[in-house]
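Participant: sequence unknown, structure follows:
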């Protein structure tokens, strides 16, 4: 049986390395760095960035964010963050820089806004969603029926939009 762990146990036995997209899942067969296969079967789509790792039948397996192609952005961070957010793009916000996944269209836009940009390969851990779901969802990451239960849907423009579910 596989369970999510919020905090690190005294001993980690193995690790599973995943990129940003892979760390959002509901059900998947994973293979650890040590070759151990295990099934993750969660009740709903879950952002694994909110967890330390897995307990697989008493074996602790750490979740590690893999390096991926990113743009490290400096300049007028407030203004640049606004433009990135306006495009519903996941963004890692640090005191002295912003980090987004490599995207040539956004790179050109940011250069036009006088940003300084450098390409790097780093683990990508962007800011979580504003509505407590752990992710911004400017585009679909999978099962749209499942996304709809959290208030996400299409307006016909190819983008996912959030409307807070009505409460009774």
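Facilitator: Cool, the structure landed. This is a predicted model, so every value here is computed, not measured. Numbers count the residues shown, from 1 in each chain.
Participant: Please make it C-alpha for all contacts and neighbour counts, starting now.
Facilitator: Noted.
Participant: which regions of this protein sit below the pLDDT cut-off?
Facilitator: 129-168 (pLDDT under 70).
Participant: Longest strand in it, please.
Facilitator: strand 37-47 (DSSP state E).
Participant: Any buried residues in that one, and which?
Facilitator: Going by neighbour count (16 or more other CA atoms under 10 Å), the buried part of strand 37-47 is 38, 40, 45, 46, 47.
Participant: what does stretch 63-78 give?
Facilitator: In stretch 63-78, the ones that count as buried by 16+ other CA under 10 Å are 63, 64, 65, 66, 68, 70, 71, 72, 73, 74, 75, 77.
Participant: Give me the helices and strands touching the helix or strand where the fifth one lies, please.
Facilitator: Read it as residue 68. Using DSSP states H and E, residue 68 maps to strand 67-74. Judged by 3 or more CA pairs under 8 Å, 6 or more residues apart in numbering; DSSP states H and E, strand 67-74 is in contact with strand 97-101, strand 116-123.
Participant: Need the winner for burial among these.
Facilitator: Stretch with highest mean neighbour count among the helices and strands packed on strand 67-74: strand 97-101 (a mean of 21; mean count of other CA atoms under 10 Å).
Participant: re the thing from before, make JSON lines out of the helices and strands packed on strand 67-74 and add distance to residue 11.
Facilitator: Compiled in JSON lines, the helices and strands packed on strand 67-74 are given as follows (distance: least, CA to CA, whole Å):
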{"stretch": "strand 97-101", "distance to residue 11": "32"}
{"stretch": "strand 116-123", "distance to residue 11": "23"}
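Participant: residue boundaries of the strands in this protein?
Facilitator: Under DSSP E, the chain gives strands at 2-5, 14-18, 24-31, 37-47, 53-56, 59-65, 67-74, 92-94, 97-101, 116-123, 152-154, 160-162.
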